[in-house]
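Novice: after the sequence you'll find the predicted model.
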Amino acid sequence: MKKGPKGQAVLEPLAWKSRATGVDHFRLFCARYLKVPKGVGAGSAMKLRPWQVEAVRALFEGESKVHLLSIPRGQGKSALTAALALYELLFGGEGQRIMIVAQNDISARRLLSTAARMVALNEELAERIHTYKDRLVYPATDSTFLAVASEQSAVEGEDLTLAVIDELGFTERDVFEAALLSLKRPGSRLLGIGTPSTPRMRERSPFWDLVSSARAGDETISLVEYSAPAGCAVDDWSAIEQANPALGDFLDRPTVAAQMPPKTSEAEWRRARLGQWLDQVGGENFMPSSAWKAAARAGVHIPAGSPVVLALDGSQRLDATVLVAASVSAKPHVELVGFWQDPGNPEFEVSHAEVEARVLELAERYRVREVTADPFLWQRSLQVLEDEGLTVTKFSQSAGRMSPALAEFRAAVLDSKATHSDDQRLNRHMINAQLVEGGRGMKLAKPSKVQHIDGAVAAVMAYSRAFWLGGKRNKKKTRGYRR
């Protein structure tokens with residue numbers, strides 16, 4: 001965009017006349033005046049697809065104040081959003097105030113830059129619209145188009161004729177409410193676009209509540225959804241096509257195929273690519289059963305004398321208590337080496353002394369580099385083992401600590417960089433484990449009270465510490481060159 005003072009703008013309206021009205025007028029405007037700014041078809045006329053026309057029809061021809069478009073990623077919504085804002089700027093009438101609320105400053109600049117590029121590619125638009133760093137201005141009607149970050153202070157007190165909230169599923173409620181309350185004029189509207197919220201954002205974003213209200217028949221909200229049928233397989237191409245109207249057009253199939261699980265988690269794939277709303281309290285399987293089975297090495301045990309990490313997880317009564325060893329090696333091998341579980345006796349309690357004795361027994365067999373556990377229930381045992389001369393560490397079960405450890409372990413199994421001894425008890429715990437979002441990241445949860453996951457947690461902890469210890473290298477001092 002040209003810096004410095006702007007020249008005199010052409011104040012005459014566009015010479016174009018059309019008998020079309022509503023969304024058809026918008027469609028013809030795009031084809032005549034706008035060019036695709038980047039990507040597939042860059043530089044060519046922006047010809048809206050039929051599905052794009054239907055996606056915004058209610059915005060032009062409906063009576064609802066709030067319009068929602070729930071759609072997976074990669075459907076060209078940035079260009080569509082910019083085109084809508086430019087159309088309103090030019091044809092909305094006197095004193096239009098259009099605002100796009102983006103996730104952050106970078107997204108806001110990107111959206112404004114997309115619109116500015118569209119203006120620059122058409123001489124008639126470029127001589128009528130002034131482009132600034134933070135806004136576009138149409139002097140003929142004293143109208144303004146802005147893009148701002150998703151912050152309440154940036155929206156509060158505005159007098160908007162069109163508010164567009166990009167990624168509504170990741171927008172805080174107070175920002176949405178500020179935008180909605182800024183619609184003070186007759187005919188002013190709000191458009192919310194985005195993919196379904198993550199479970200973590202469900203309580204913070206209004207998107208799901210709005211979708212639910214629209215589904216229930218709230219006439220003040222119009223809703224267009226693109227999503228795959230519930231329960232479909234993640235690799236069902238007919239379902240993928242149903243959810244992604246741009247597939248085979250400006251969203252190519254090889255790109256989508258390369259994103260399929262297990263490259264991405266099933267939960268994220270279903271949300272971001274299939275447009276599905278996930279159960280807030282549920283999760284997905286942490287470890288794909290096929291990948292865990294492929295990593296099995298039945299009958300293979302860590303040789304005596306090998307350096308290992310021992311990880312302990314469990315409780316005193318209700319859950320299983322599991323001790324897992326991981327070899328400190330280039331390709332860590334995970335093995336269940338201790339297991340205690342309620343045999344059906346309501347009076348059963350795990351003996352901490354028995355667990356400690358098992359750790360000391362293993363210390364005679366292996367070179368135990370470290371014993372790690374969550375100190376919540378095992379603080380005394382860690383102290384006892386430390387007094388016996390073992391190195392102990394504390395591994396909190398918080399999402400902040402577990403999230404990177406889970407990602408490391410899952411990636412190692414998927415990439416064939418970790419193996420396990422194919423113990424059926426450990427296998428059951430691993431397949432039971434569900435991946436859910438906590439306040440600061442991912443963590444493991446059990447699907448029901450009777451399905452245990454302690455072995456999975458212990459395996460993750462053991463691998464995490466073994467991987468870290470195996471990656472430690474003593475830095476060598478490098479001498480400088482002699483002259």
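Specialist: Yes, it's here. Here the structure is a predicted model, which is why all the values come from computation and not from measurement.

Novice: give me the domain ranges for the chain.
Specialist: With domains defined by automatic domain parsing, the chain comprises 22-226, 231-271, 289-471.

Novice: please produce TSV containing those, extended by mean pLDDT, mean neighbour count and distance to Pro13.
Specialist: Every residue, glycine included, has its C-beta placed from N, CA and C. Shown next, in TSV, are these (pLDDT from 0 to 100; neighbours: other C-beta atoms under 10 Å; distance: least, C-beta to C-beta, whole Å):
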stretch	mean pLDDT	mean neighbour count	distance to Pro13
domain 22-226	93	19	7
domain 231-271	91	16	31
domain 289-471	89	18	51
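
Novice: make JSON lines from those domains and add distance to Trp16 to it.
Specialist: Listed next are these as JSON lines, based on distance: least, C-beta to C-beta, whole Å:
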{"stretch": "domain 22-226", "distance to Trp16": "6"}
{"stretch": "domain 231-271", "distance to Trp16": "26"}
{"stretch": "domain 289-471", "distance to Trp16": "49"}
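
Novice: so how far is the host helix or strand of Ile100 off the chain centroid?
Specialist: Here Ile100 sits within strand 97-102, counting by DSSP states H and E. Mean-position distance between strand 97-102 and its chain equals 23 Å (C-alpha atoms, centre = their mean, to the nearest Å).

Novice: from the contact counts, what lies against it?
Specialist: In terms of contacts (3 or more C-beta pairs under 8 Å, 6 or more residues apart in numbering; DSSP states H and E), strand 97-102 is packed against helix 77-91, helix 105-120, strand 143-149, helix 152-155, strand 162-166, helix 173-181.

Novice: one more pass at 10 Å, please.
Specialist: Packing partners of strand 97-102 (3 or more C-beta pairs under 10 Å, 6 or more residues apart in numbering; DSSP states H and E): helix 77-91, helix 105-120, strand 135-138, strand 143-149, helix 152-155, strand 162-166, helix 173-181, strand 189-194.

Novice: what's the end-to-end length of stretch 258-272?
Specialist: The stretch stretch 258-272 measures 14 Å between its terminal residues, going by C-alpha to C-alpha, to the nearest Å.

Novice: surely Ser44 touches Val36?
Specialist: Yes: between Ser44 and Val36 there is a contact under C-beta atoms under 10 Å: 5.5 Å.

Novice: just the angle for the strand holding Ile100 relative to strand 189-194, thanks.
Specialist: 20 degrees (axes from the mean of the first three to the mean of the last three C-alpha atoms, to 10 degrees).

Novice: list the strands paired with strand 97-102, with their directions.
Specialist: In the sheet, strand 97-102 lines up against strand 143-149 (parallel), strand 162-166 (parallel) (DSSP bridges).

Novice: need those strands in CSV (columns: distance to Phe339).
Specialist: Output for the strands paired with strand 97-102, formatted as CSV (distance: least, C-beta to C-beta, whole Å):
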stretch, distance to Phe339
strand 143-149, 52
strand 162-166, 51
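
Novice: can you tell me which of these is nearest to Glu356?
Specialist: strand 143-149 (53.9 Å; C-beta to C-beta).

Novice: kindly export that closest one (C-alpha atoms) in PDB.
Specialist: What follows is strand 143-149, C-alpha atoms only, in PDB (Å, rounded to 0.1, in the frame of the first residue of the first chain):
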ATOM      1  CA  SER A 143     -17.300   4.600   5.100                       C
ATOM      2  CA  THR A 144     -14.600   2.700   6.900                       C
ATOM      3  CA  PHE A 145     -13.500  -1.000   7.000                       C
ATOM      4  CA  LEU A 146     -11.300  -2.100   9.900                       C
ATOM      5  CA  ALA A 147      -9.700  -5.300  11.100                       C
ATOM      6  CA  VAL A 148      -8.800  -5.700  14.700                       C
ATOM      7  CA  ALA A 149      -7.600  -8.300  17.200                       C
END
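
Novice: now the nearest residue in space to Arg297 that is not next to it in sequence: how far from Thr131?
Specialist: Residue nearest to Arg297 in three dimensions, not counting chain neighbours: Thr419, with 4.7 Å by C-beta to C-beta, 6 or more residues apart in numbering. Remark: distance between Thr419 and Thr131 (C-beta to C-beta, to the nearest Å) = 58 Å.

Novice: how long is stretch 224-238 end to end?
Specialist: Using C-alpha to C-alpha, the end-to-end distance of stretch 224-238 comes to 19 Å.

Novice: mind listing the strands for the stretch 201-350 of the chain?
Specialist: With strands called from DSSP state E, counting those that start in this stretch, the stretch 201-350 of the chain shows them at 221-225, 284-285, 307-313, 321-327, 333-340.

Novice: top helix in the protein by residue count?
Specialist: helix 454-471 (DSSP state H).

Novice: centre of the chain to that one, how far?
Specialist: Averaging C-alpha positions (C-alpha atoms, centre = their mean) puts helix 454-471 25 Å from its chain's average.

Novice: helices or strands next to it in the packing?
Specialist: strand 307-313, strand 321-327, strand 333-340, strand 367-373, strand 392-394, helix 399-414, helix 424-432, strand 442-445.

Novice: list the contacts for Val322?
Specialist: Going by C-beta atoms under 10 Å, 6 or more residues apart in numbering, Val322 touches 311-314, 336-341, 355, 425-426, 429, 452-459.

Novice: likewise for Asp313?
Specialist: By C-beta under 10 Å, 6+ apart, the neighbours of Asp313 are 319-324, 372-374, 377-378, 395, 397, 429, 453-462.

Novice: let's see 8 Å
Specialist: Asp313 makes contacts with Thr321, Val322, Val324, Ala373, Asp374, Asp454, Gly455, Val457, Ala458, Met461, as judged by C-beta atoms under 8 Å, 6 or more residues apart in numbering.

Novice: need these in JSON lines (columns: distance to Leu146).
Specialist: Listed next are those as JSON lines, based on distance: C-beta to C-beta, whole Å:
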{"residue": "Thr321", "distance to Leu146": "58"}
{"residue": "Val322", "distance to Leu146": "56"}
{"residue": "Val324", "distance to Leu146": "55"}
{"residue": "Ala373", "distance to Leu146": "54"}
{"residue": "Asp374", "distance to Leu146": "49"}
{"residue": "Asp454", "distance to Leu146": "53"}
{"residue": "Gly455", "distance to Leu146": "54"}
{"residue": "Val457", "distance to Leu146": "48"}
{"residue": "Ala458", "distance to Leu146": "53"}
{"residue": "Met461", "distance to Leu146": "49"}
